[in-house]
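Novice: Pasted the sequence and its predicted model underneath.
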Amino acid sequence: MRHLLSIADLDAQAASTLLDTADRLEQTLLGRQVRKLPTLRGRTVVTVFYENSTRTRVSFEIAGKWMSADVINVSIGGSSVGKGESLRDTALTLAAAGADCVVVRHPASGAAHRLAQWLAHTGVAVVNAGDGTHEHPTQALLDAQTLRQRLGDIAGRRIAVVGDVLHSRVARSNVLLLTLLGAQVVLVAPPTLLPSGVGSWPVEVSHDLDAVLGGVDAVMMLRVQAERMHGGFFPSAREYAVDYGLNRRRLDLLPEHAPVLHPGPMLRGMEISSAVADSGRALVTEQVRNGVHLRMAVLYHLLAGEEVE
Ligand code: CP
């Protein structure tokens, strides 16, 4: 694995290897007072986020530090991006300065792929930490790890992905990964928040959340991405909460074994109620914790010379 840009670059074996490595790293660190492995000593990871982030940026930083890498976070506000420097020149600068891996988040779909092309001659690894509405591969991998820990094998499971699919890179990566691992995916969304090409996706589509919930093994709620809705929000926030919000009544429709996932940040009261988010059925903090081990696994396979097979 040279880069991690898209789930589409992985086959089922490679994805499972990453999940297995993440589980192994978690077991290795479990109960340790000092969570520090020497694995990436002398390697340098640079994170450069052109969009806001809490979970992804922090967990990549912790992941690198727990494997003894030097981790540098470029603050876009304080960088030469503010003077008009292009993404290409920024990437080449980071490579020339000694980065071994660049973790990038960008509002433009395809930005991580372009960055990997520009850095092809340098040997620097690129990780896509979210590009526009395109993909967020490490989020899908940590979601799969969380589901696997709770449900066992993902193959044959039926998973509902609910909400603003249109603007969600998390949904796109999850559809690719869950189907790669043998799950059935049902997308539940208002017609206005589905992509026009969804008919060619390997999924079922429904607009009726109540009808779907009783027949799934897990439900993944999506954040409503108001920042990408330049033409306004339809349905209204109130209509959305009534028709697609996961509340206490709807939680009771889910089979007892079925957990609730949300990538965060959560808009409480809109896509998920506090009663659900704070219940024992929600795995939101497990997802964040797994995100550190999963990102350790990604950095390990990219930088420690261990092939993903
Ligand atoms: N899930 C996710 O990507 O969260 P952040 O935007 O906080 O990184």
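Specialist: Perfect, thanks for sending it.
Novice: Spell out which parts of the chain neighbour the ligand.
Specialist: Residues of the chain lying near the ligand by Cβ under 6 Å from any ligand atom: 53, 54, 55, 56, 130, 139, 263, 264, 265. Where you see a C-beta, it was placed from the backbone N, CA and C, and this is true even at glycine.
Novice: Quick one: buried ones out of those residues?
Specialist: 53, 55, 56, 130, 139, 263, 264 (16 or more other Cβ atoms under 10 Å).
Novice: can you put those in a markdown table and add distance to residue 272?
Specialist: What follows is these, written out as a markdown table (distance: Cβ to Cβ, whole Å):
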| residue | distance to residue 272 |
| --- | --- |
| 53 | 20 |
| 55 | 16 |
| 56 | 19 |
| 130 | 20 |
| 139 | 17 |
| 263 | 11 |
| 264 | 10 |
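Novice: As a markdown table, those residues with secondary structure and pLDDT would be great.
Specialist: Below are these laid out as a markdown table (DSSP: H, G, I helix; E, B strand; the rest coil; pLDDT from 0 to 100):
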| residue | secondary structure | pLDDT |
| --- | --- | --- |
| 53 | coil | 97 |
| 55 | helix | 98 |
| 56 | helix | 98 |
| 130 | strand | 98 |
| 139 | helix | 98 |
| 263 | coil | 98 |
| 264 | coil | 95 |
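Novice: Greatest separation within those residues: which pair is it?
Specialist: Within these, 130 and 264 form the most distant pair, 12.4 Å apart (Cβ to Cβ).
Novice: what pLDDT does the residue of the chain most remote from its centre get?
Specialist: In the chain, counting by Cα atoms, centre = their mean, residue 83 sits farthest out from the average C-alpha position, at 30.3 Å. On pLDDT, residue 83 comes in at 91.
Novice: Over to residue 91?
Specialist: pLDDT, residue 91: 96.
Novice: pretty sure it is in a helix, no?
Specialist: Yes. Judged by DSSP: H, G, I helix; E, B strand; the rest coil, residue 91 forms part of a helix.
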